[in-house]
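Asker: Coordinates only, no sequence provided:
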């Protein structure tokens, strides 16, 4: 019975992957299927409307497969697949973000090229034909995408127009690189020019569209609570999540004040956490190039992961620390991680280091840029080992194809926040201000919980949400607004970081303290399920 159920689950799962790769081939290449690398499609209204019918049918078939009698793994596969179908249907059928968020089409176009560039940065010559094929498809992709847009959210229109400008700058820089390796430089230049003009035309087209209301990004309480269940696996109301966020803010503020007192003393010498961290950053003198420091740090973290015996390490994984190329510098944060595709044969992650100081001829300005990387030990743990890279390298070899597709932030972002906290607790970070930094980052994530709820209930405007980060975390207005921008388009993801860590700790404490598990046993068990909500893992295992 269980084997039959497992096969019954594989059929709709494989059908979903095949159809989605056909509808959106750029998604397929991102999964690691190389045959889709030259293709770009799926911006037109017809694709989305027909996809709604396909998803409704697939959802009905999956719901008809009874959960009774399924093995724990099959039950978890079914639950994850239901979540995938239900949340995509919410976006396509009800929210219709393909109509109201012009950023999706822009991101799809530039992302299709960007993905090939970053994945094959050390061998662009091999992937050049695929890049040029996608460049050739961009004008038609935008033409169909613009035709589908209806009453876009004004904020998202503004961001899409900005993205179009930045994308054109990226293409100009990429073009110079591609022309050097192209057998027909004139044709390559022509493709770049046509794609760049298409970005301009799209920006103008969406700006002319009748706009929706300023707060139309809010999805409302009922749908937000639907996503709390389907993305986070939590049976909480919006009000309960918001109350938990407020509690965590108060708790973390108190912890920060205690840690700051311990580091700076009392009386006249007393300093805030923000002041202490600024002083630490401004006095930091990197002893080597940033690339070398990150390379050393990543190697040290990998050695700790192996030497501590606390984590599993899958065979064949690797992490390459590499500088961001000149033509990509303005499109990356200080550091970032690119995971290998779930079905990619070579599980090599890329840890990007963006050394903007290398572009400065003035030593003082170069040092100022380098100091933005202060605290890189925790950054390395978050992005590489034992953080994102280790987690995805294990997930991408899960025997279930459905599980490889899981991307629940409450697990993968909660995992990285746990890794940072554990690194401090284990004494693996030498910086005396490391715990202060970790607490400050946790406070930021606590504010995200409150803002996430406020934005999507309609209680907070975009500007009001940004001001919360300015006053509560000390962000500049520009940084705060940039952070809130993506919150508007990703309901329940911002809140998942800290709530995810707390969920992990809840389950960990229960199994270690009550069941006598070792930390290694817990890590093996936790990472063996994929990026899945903790409550679903517990339910599947009868915990």
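Answerer: Received the coordinates, thanks. All values derive from a computational prediction rather than experimental measurement.
Asker: Please identify which helix or strand holds the nearest residue to residue 203 once chain neighbours are set aside.
Answerer: Nearest residue to residue 203 in three dimensions, chain neighbours excluded: residue 164, at 4.0 Å (CB to CB, 6 or more residues apart in numbering). Where you see a C-beta, it was placed from the backbone N, CA and C, and this is true even at glycine. In this assignment (DSSP states H and E), residue 164 forms part of helix 154-181.
Asker: buried ones in that helix?
Answerer: By neighbour count on 16 or more other CB atoms under 10 Å, the buried set for helix 154-181 is 154-161, 163-164, 167-168, 170-171, 173-175, 177-178.
Asker: what's the distance between residue 165 and residue 202?
Answerer: Using CB to CB, to the nearest Å, we find residue 165 at a distance of 11 Å from residue 202.
Asker: Mind listing the shared neighbours of these two?
Answerer: Shared contacts of residue 165 and residue 202, defined by CB atoms under 8 Å, 6 or more residues apart in numbering, are absent.
Asker: tell me the average confidence for the next helix or strand after the helix holding residue 164?
Answerer: Counting by DSSP H and E, the next helix or strand C-terminal to helix 154-181 is helix 185-208. Confidence over helix 185-208, taken as the mean pLDDT, stands at 98.
Asker: Now do helix 185-208 and helix 154-181, the angle between them.
Answerer: Note on geometry: by axes from the mean of the first three to the mean of the last three CA atoms, to 10 degrees, helix 185-208 and helix 154-181 are set 180 degrees apart in direction.
Asker: Any buried residues in helix 185-208, and which?
Answerer: 188, 191-192, 195-196, 198-199, 202-203, 205-206.
Asker: Same check on stretch 499-506?
Answerer: In terms of neighbour count (16+ other CB under 10 Å), stretch 499-506 has its buried residues at 499-505.
Asker: which of these lies closest to residue 268?
Answerer: If you rank those by distance to residue 268 using CB to CB, residue 501 comes first, at 36.0 Å.
Asker: What helix or strand is that closest one located in?
Answerer: Assigning secondary structure by DSSP H and E places residue 501 in helix 493-509.
Asker: What is the three-state secondary structure of the closest residue to residue 472 other than its chain neighbours?
Answerer: If the residues on either side of it in the chain are set aside, residue 472 comes closest to residue 447, at 5.0 Å by CB to CB, 6+ apart. Assigned state for residue 447: helix (three-state reduction, DSSP: H, G, I helix; E, B strand; the rest coil).
Asker: Show the contacting residues for residue 447.
Answerer: Under the criterion of CB under 8 Å, 6+ apart, the contact partners of residue 447 comprise 245, 249, 468-469, 472-473.
Asker: Restricted to helices, list those.
Answerer: Among the contacts of residue 447, the members falling in helices (DSSP state H) are 245, 249, 468-469, 472-473.
Asker: got the contact list for residue 198?
Answerer: 109, 138-139, 141-143.
Asker: Could you rerun that using 7 Å?
Answerer: For residue 198, the contacting residues are 138-139, 142, taking CB atoms under 7 Å, 6 or more residues apart in numbering as the criterion.
Asker: quick revisit: show me what the helix holding residue 164 packs onto, helices and strands only.
Answerer: For helix 154-181, the helices and strands in contact under the criterion 3 or more CB pairs under 7 Å, 6 or more residues apart in numbering; DSSP states H and E are helix 103-119, helix 124-148, helix 185-208.
Asker: returning to that earlier point: mind putting the ones in helices among the contacts of residue 447 into TSV with neighbour count and pLDDT?
Answerer: Supplementary listing: these in TSV, determined by neighbours: other CB atoms under 10 Å; pLDDT from 0 to 100:
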residue	neighbour count	pLDDT
245	23	98
249	18	98
468	19	98
469	23	96
472	17	96
473	19	93
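Asker: ok, these vs residue 131, which is closest?
Answerer: Proximity of the ones in helices among the contacts of residue 447 to residue 131 (CB to CB) peaks at residue 469, which lies at 37.2 Å.
Asker: who's in contact with that closest one?
Answerer: Residue 469 makes contacts with 447, 475, 480, 483, as judged by CB under 7 Å, 6+ apart.
Asker: redo that, cut-off 10 Å
Answerer: Taking CB atoms under 10 Å, 6 or more residues apart in numbering as the contact definition, residue 469 lies against 444, 447-448, 451, 475-477, 479-484, 487.
Asker: What is the nearest of those residues to residue 423?
Answerer: residue 444 (17.8 Å).
Asker: And residue 228, how far from residue 236?
Answerer: Relative to residue 236, and taking CB to CB, residue 228 is found at 6 Å.
Asker: Then residue 184?
Answerer: When CB to CB is the yardstick, residue 184 and residue 236 sit 58 Å from each other.
Asker: So for the two, which residue has more residues nearby?
Answerer: Using other CB atoms under 10 Å as the criterion, residue 184 and residue 236 rank with residue 236 on top: 15 against 11.
Asker: sec struct for that one, please.
Answerer: coil.
Asker: Next one: the closest residue to residue 263 other than its chain neighbours from residue 449, what distance?
Answerer: Using CB to CB, 6+ apart and skipping residues adjacent in sequence, the residue nearest residue 263 is residue 276, 5.8 Å away. Residue 276 sits 25 Å away from residue 449, going by CB to CB.
Asker: Which of the two has more residues huddled nearby?
Answerer: Summary of the neighbour comparison: residue 276 and residue 449, criterion other CB under 10 Å, with residue 449 having more neighbours (25 against 20).
Asker: Tell me the spatial nearest neighbour of the more buried one, not counting adjacent residues.
Answerer: Once flanking residues are discounted, residue 449 sits nearest to residue 245: 3.1 Å by CB to CB, 6+ apart.
Asker: so what's the one you found up against?
Answerer: Under the criterion of CB under 10 Å, 6+ apart, the neighbours of residue 245 are 445-454, 495, 498-499.
Asker: Same question for residue 493.
Answerer: The neighbours of residue 493, taking CB under 10 Å, 6+ apart as the test, are 227, 231-232, 407-410, 413, 448, 452, 486-487.
Asker: Can you flag which of the contacts of residue 469 belong to helices?
Answerer: Counting by DSSP H, the part of those found in helices is 444, 447-448, 451, 477, 479-484, 487.
Asker: what's the most distant pair in the residues you listed?
Answerer: Greatest spatial distance among the ones in helices among the contacts of residue 469 (CB to CB): 448 and 477, at 17.1 Å.
Asker: who has more neighbours, these two?
Answerer: residue 448 (25 against 12).
Asker: Next one: the more buried one from residue 364, what distance?
Answerer: For residue 448, the distance to residue 364 - CB to CB - is 34 Å.
Asker: A helix includes the residue nearest to residue 263, no?
Answerer: Yes: the assignment for residue 276, made by three-state DSSP, places it in a helix.
Asker: Might you report the residue contacts of it?
Answerer: Under the criterion of CB under 10 Å, 6+ apart, the neighbours of residue 276 are 256, 259-260, 263-264, 432-433, 436-437, 440.
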